[in-house]
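1. sequence unknown, structure follows:
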């Protein structure tokens, strides 16, 4: 998996993780389920 540096913090995260960091907080359960279905 491709990784990215997170700013200048020294933290390295996967591209997938970087795109979904607030997903569990900012996405309601119905929208999250729809996104998972579309992904699968």
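-> Cool, the structure landed. Owing to the predicted nature of the structure, the values given are computational and were not obtained by experimental measurement.

2. all contacts plus neighbour counts: C-alpha atoms, from now on.
-> Will do.

3. Ramachandran angles for residue 12?
-> Residue 12 adopts backbone torsions of phi -120, psi 130, taken as degrees, to the nearest 10.

4. and it, what pLDDT?
-> For residue 12, the pLDDT comes out at 88.

5. so who does it touch?
-> 3, 4, 5, 6 (Cα atoms under 8 Å, 6 or more residues apart in numbering).

6. What strands flank the helix or strand hosting the second one, and is each parallel or antiparallel?
-> Meaning residue 4. For residue 4, the element it lies in under DSSP states H and E is strand 3-5. Taking DSSP bridges as the criterion, strand 3-5 pairs within the sheet with strand 12-14 (antiparallel).

7. element containing residue 31?
-> Using DSSP H and E, residue 31 falls in helix 29-39.

8. Now tabulate the contacts of residue 12 in CSV and tack on pLDDT, distance to residue 12 and neighbour count.
-> Formatted as CSV, the contacts of residue 12 follow (pLDDT from 0 to 100; distance: Cα to Cα, whole Å; neighbours: other Cα atoms under 10 Å):
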residue, pLDDT, distance to residue 12, neighbour count
3, 87, 6, 12
4, 85, 6, 13
5, 88, 4, 13
6, 80, 6, 12
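
9. Next, the buried residues of the helix holding residue 31.
-> For helix 29-39, a neighbour-count test (16 or more other Cα atoms under 10 Å) marks nothing as buried.

10. and that helix, average pLDDT?
-> Rounded mean pLDDT across helix 29-39 is 85.

11. on contacts alone, who are the packing partners of that helix?
-> Contact here means 3 or more Cα pairs under 8 Å, 6 or more residues apart in numbering; DSSP states H and E; on that basis helix 29-39 packs against no helix or strand.

12. Contacts for that helix, please.
-> For helix 29-39, contacts defined as Cα under 8 Å, 6+ apart pick out residue 23.

13. center of the protein, which residue is that?
-> residue 20 (1.4 Å; Cα atoms, centre = their mean).
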